[in-house]
Structures are given as C-alpha cells and as structure tokens.
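1. Take a look and give me a structure for this.
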Amino acid sequence: MVCDRTAQGVAQYLCDIVIAERGGALQQDLRLILLSLRRTLRHPLIRRILPDLHAEMARSSTLSTEIRTTLQYERRERGKAIVDRAIERGELPKDTDKEPANDALASLLYWRIVVTGGRVSGAEINKIARFIAAGMKDQ
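-> Residues are numbered from 1 along each chain as shown. Below is the predicted model of the structure:
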C-alpha cells in the first residue's frame, strides 16, 4: 500500500534526523533536541505530510502500529535518554515522570509549526527548554 510505504519512508527520515545530542545539562539537552525537532518540522514535505499521517492513523490500524512502533517509539526513547542523563547528573529526582516531558517536547513545536504555520525562533526554543525543565523539576 502506498500509504504504508510513505509512512515508512517518513518515519525513517524522522528517526534519522531527530537526534538526542548531549549538551551536558538538562536545559541544554532539551534545547538541542528541540532544535533538531524544529529543523525536522520546518521541512516543507514533513510539515505537509505529518497531519495527514496522523489523520490516517485513526483509520488504519496497520499504519498506526507502524508509526507508533517506529517514529513515536524512537523519538520518545531519545527524550527518555535526556531525562535519564539528567537523573544521573542529579538534576532530576529518580522518580521523574518521563512521559509529560516527552509529550511537551513534541507537542509544543508541532502545534506552533505544523498546526498554526507559525515560526519558532532560537529565543523561543530557549524559553521552551526552560519551561519544560522547570516543569520536570516541579513534579
């Protein structure tokens, strides 16, 4: 099916480009992954295809499974690695809930760039990183 092949191609592209670099501190790690996500979401083809893929996931269990087990899984693992490193450095408590941080990483940029067609400046990336870090520390 063309939709499945398209989804696989987009998922592989996104997994390859969204990397979790190491910045040495929680806020810097968050900033780096946000910059990577911003770069990905600003790609014209990705910006056009992602909303359609998400809509199609509601209609196709095969596509939904494919996206959830590749793209979403890989991105969330990279987000969890950031939290794990912050816990190891003593920046976050050991029982920090990783799920809300992962949700915030993707959703804030996705909404602004893909849904509203807006832009996210470097200064706004820094604010978002501070916002997410503060929320994680205040659990």
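2. Roughly how far does the most centrally placed residue in the chain sit from Phe131?
-> Central residue of the chain (Cα atoms, centre = their mean): Ala106, 3.6 Å from the mean position. Computed as Cβ to Cβ, to the nearest Å, the Ala106 to Phe131 distance reads 14 Å. Backbone N, C-alpha and C define where each C-beta goes, glycine included.
3. And the strands in this structure?
-> Using DSSP state E, no strands are assigned anywhere in the chain.
4. any low-confidence regions in it?
-> For the chain, the stretches flagged by pLDDT under 70 are 1-23.
5. Helices of that one, start to end?
-> In the chain, the helices defined using DSSP state H lie at 2-17, 26-41, 44-57, 61-67, 73-88, 98-110, 122-137.
6. Can you give me the buried ones in the fifth one?
-> Yep, that's helix 73-88 we're talking about. For helix 73-88, burial by neighbour count (16 or more other Cβ atoms under 10 Å) applies to 74-76, 78-79, 82-83, 85-87.
7. Could I get the CA-only coordinates of that helix as PDB?
-> C-alpha atoms of helix 73-88 as PDB (Å, rounded to 0.1, in the frame of the first residue of the first chain):
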ATOM      1  CA  TYR A  73       9.000   5.000  19.800                       C
ATOM      2  CA  GLU A  74      12.300   6.200  18.600                       C
ATOM      3  CA  ARG A  75      11.500   9.900  19.400                       C
ATOM      4  CA  ARG A  76      10.300   9.000  22.900                       C
ATOM      5  CA  GLU A  77      13.300   6.900  23.600                       C
ATOM      6  CA  ARG A  78      15.500   9.800  22.700                       C
ATOM      7  CA  GLY A  79      13.500  12.000  25.100                       C
ATOM      8  CA  LYS A  80      13.700   9.500  27.800                       C
ATOM      9  CA  ALA A  81      17.500   9.400  27.400                       C
ATOM     10  CA  ILE A  82      17.700  13.100  28.100                       C
ATOM     11  CA  VAL A  83      15.700  12.600  31.400                       C
ATOM     12  CA  ASP A  84      17.900   9.600  32.300                       C
ATOM     13  CA  ARG A  85      21.100  11.600  31.900                       C
ATOM     14  CA  ALA A  86      19.600  14.400  34.000                       C
ATOM     15  CA  ILE A  87      18.800  11.900  36.700                       C
ATOM     16  CA  GLU A  88      22.300  10.500  36.600                       C
END
